[in-house]
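K.L.:
sequence first, predicted model second:
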Amino acid sequence: MAEERLIDDDLNKNKKYRIRVNEDGEEELIIDAPTDDEQPEGQMLFDVEEVEEEDEEAAAMTPEQLAARREKEQREELERQLKLGALLESAQRDIENGAWSTALDSLAKADELGGEEGRKGLLSMRAYTRDFTDYTLIVDAAKSAEDVREHGDADSKKQILDRAGASLEEGIASLRGKVASLDRRNEDAKAERGVRLKASRNRAIIFFILAIIPLAAFASLCGYYAGIIYTVSTGLYLILTIVFASLAFVSLMAAAFAARRLNIACRRVRMNRRNTSTKLGRELLGEQAKLRAYIAVLSALRS
């Protein structure tokens with residue numbers, strides 16, 4: 001009998017098992033092994049770990065292979081934690097020494113390792129804001145806000161809040177006024193442009209309709225005379241067919257030009273509604289992003 005490697009799910013409950021060589025020299029799997037004191041001589045006692053159904057690789061492993069894999073995973077996890085701790089310590093020293101770029105490089109490497117999300121988030125906030133003295137990169141700092149909110153150390157957050165809370169609140173108040181002013185200017189400018197652009201679009205619609213009507217008429221006449229072209233022997237209908245076909249072609253060119261003009265006019269109306277299409281609108285979006293970032297950082301520190 002071949003060596004048993006698979007165990008039914010209803011038996012795989014971290015029970016004790018032993019292997020016994022029977023009279024035929026074959027190995028057998030014995031369930032519910034006796035205690036160490038009762039273990040028969042010549043039999044090997046071992047633990048069978050519970051294996052998840054989806055871990056097919058582990059299901060095909062021997063207990064020794066599973067133990068080796070577990071040891072390897074533990075060793076790799078320990079190495080990861082040590083490397084992560086070293087990177088975070090390095091980033092903290094760089095922040096305290098004002099080496100912001102170097103600190104951000106260390107934090108980027110630490111982010112690849114995973115873990116310590118709260119501490120990494122707080123250090124990132126400090127590095128991006130030059131320890132909360134320069135808010136030029138506040139939007140980048142706010143990317144860590146959720147991690148700080150959920151995993152940040154309460155004492156560390158309180159220390160930063162006591163030191164930087166006032167400046168954050170001042171920044172929020174200033175930005176709210178600036179955003180409100182920019183928003184009014186932007187909406188007024190869009191409304192002013194909208195009047196002209198919609199009028200241009202309406203003219204383009206009329207021009208397109210006027211171009212379509214003769215096209216339809218000449219195309220219909222061309223088709224009609226082409227259908228009866230051989231009913232007379234004088235060639236009159238042939239001449240009329242050619243004339244109306246030529247006129248239809250000219251009308252088609254005019255309709256194509258009118259369609260292009262209408263498309264451009266409609267696109268300008270749509271673009272006028274988007275803030276990204278103008279310098280003032282883009283400035284407004286930038287200030288709004290900063291305001292949201294200030295609020296996110298302050299809220300994360302207060303959580």
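P.N.:
Received the coordinates, thanks. Since we're looking at a predicted model, the values are computed, not measured.
K.L.:
every contact and neighbour count from this point should use C-alpha atoms.
P.N.:
Fine.
K.L.:
how close does the closest residue to residue 141 other than its chain neighbours sit to residue 65?
P.N.:
For residue 141, ignoring the flanking residues on the chain, the nearest one in space by Cα to Cα, 6 or more residues apart in numbering is residue 125 at 4.6 Å. Distance of residue 125 to residue 65, computed by Cα to Cα, to the nearest Å: 44 Å.
K.L.:
what's around the residue nearest to residue 141, how many residues?
P.N.:
Using other Cα atoms under 10 Å, residue 125 has 26 neighbouring residues.
K.L.:
in this structure it contacts residue 135, no?
P.N.:
No: between residue 125 and residue 135 there is no contact under Cα atoms under 8 Å: 10.0 Å.
K.L.:
and for these two, which residues touch both?
P.N.:
Residues touching both residue 125 and residue 135 (Cα atoms under 8 Å, 6 or more residues apart in numbering): there are none.
K.L.:
contacting residues around the residue nearest to residue 141?
P.N.:
Residue 125 is in contact with 131-132, 141-142, 144, counting by Cα under 8 Å, 6+ apart.
K.L.:
which element, helix or strand, includes residue 98?
P.N.:
According to DSSP states H and E, residue 98 maps onto no helix or strand at all.
K.L.:
typo on my end, it should be residue 215
P.N.:
Using DSSP H and E, residue 215 maps to helix 154-227.
K.L.:
likewise for residue 229?
P.N.:
Residue 229 belongs to no helix or strand, assigned by DSSP H and E.
K.L.:
by contact count, what packs against the helix or strand that contains residue 291?
P.N.:
Here residue 291, judged by DSSP H and E, is contained in helix 279-302. On a contact count with 3 or more Cα pairs under 8 Å, 6 or more residues apart in numbering; DSSP states H and E, helix 279-302 meets helix 138-141, helix 145-151, helix 154-227.
K.L.:
mind giving me CSV with the ones you listed and columns for mean neighbour count and mean pLDDT?
P.N.:
Below are these laid out as CSV (neighbours: other Cα atoms under 10 Å; pLDDT from 0 to 100):
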stretch, mean neighbour count, mean pLDDT
helix 138-141, 21, 91
helix 145-151, 20, 85
helix 154-227, 16, 92
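K.L.:
now render these as JSON lines, adding distance to residue 76.
P.N.:
Below are the helices and strands packed on helix 279-302 laid out as JSON lines (distance: least, Cα to Cα, whole Å):
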{"stretch": "helix 138-141", "distance to residue 76": "30"}
{"stretch": "helix 145-151", "distance to residue 76": "24"}
{"stretch": "helix 154-227", "distance to residue 76": "29"}
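K.L.:
please name the nearest non-neighbouring residue to residue 111.
P.N.:
Nearest non-adjacent residue to residue 111, counting by Cα to Cα, 6+ apart: residue 120, 7.6 Å away.
K.L.:
the one you found and residue 107 touch, don't they?
P.N.:
Yes: with contact defined as Cα under 8 Å, residue 120 reaches residue 107; the gap is 6.8 Å.
K.L.:
which neighbours do those two have in common?
P.N.:
By Cα under 8 Å, 6+ apart, the residues touching both residue 120 and residue 107 are residue 88.
K.L.:
quick check: which element contains the nearest residue in space to residue 214 that is not next to it in sequence?
P.N.:
Using Cα to Cα, 6+ apart and skipping residues adjacent in sequence, the residue nearest residue 214 is residue 251, 6.4 Å away. For residue 251, the host element (DSSP H and E) is helix 236-273.
K.L.:
tell me the angle of that helix relative to helix 154-227?
P.N.:
When axes from the mean of the first three to the mean of the last three Cα atoms, to 10 degrees is applied, the directions of helix 236-273 and helix 154-227 differ by 170 degrees.
K.L.:
chain center to helix 236-273, what's the gap?
P.N.:
Here helix 236-273 shows a centroid-to-chain-centroid distance of 44 Å under the convention Cα atoms, centre = their mean, to the nearest Å.
K.L.:
stretch 138-157 now?
P.N.:
With Cα atoms, centre = their mean, you get 19 Å for stretch 138-157.
K.L.:
likewise for stretch 110-125?
P.N.:
With Cα atoms, centre = their mean as the basis, stretch 110-125 stands 19 Å off its chain's centre.
K.L.:
show me what contacts the residue nearest to residue 214?
P.N.:
The contact partners of residue 251, taken as Cα under 8 Å, 6+ apart, are 211-212, 214-215.
K.L.:
redo that, cut-off 10 Å
P.N.:
Counting by Cα atoms under 10 Å, 6 or more residues apart in numbering, residue 251 makes contact with 210-219, 245, 257.
K.L.:
same question, residue 97
P.N.:
91, 103.
K.L.:
ok so, going back, what angle do the helix or strand hosting the residue nearest to residue 111 and helix 279-302 make?
P.N.:
Using DSSP H and E, residue 120 maps to helix 117-128. Relative orientation of helix 117-128 and helix 279-302, computed by the same axes, to 10 degrees: 130 degrees.
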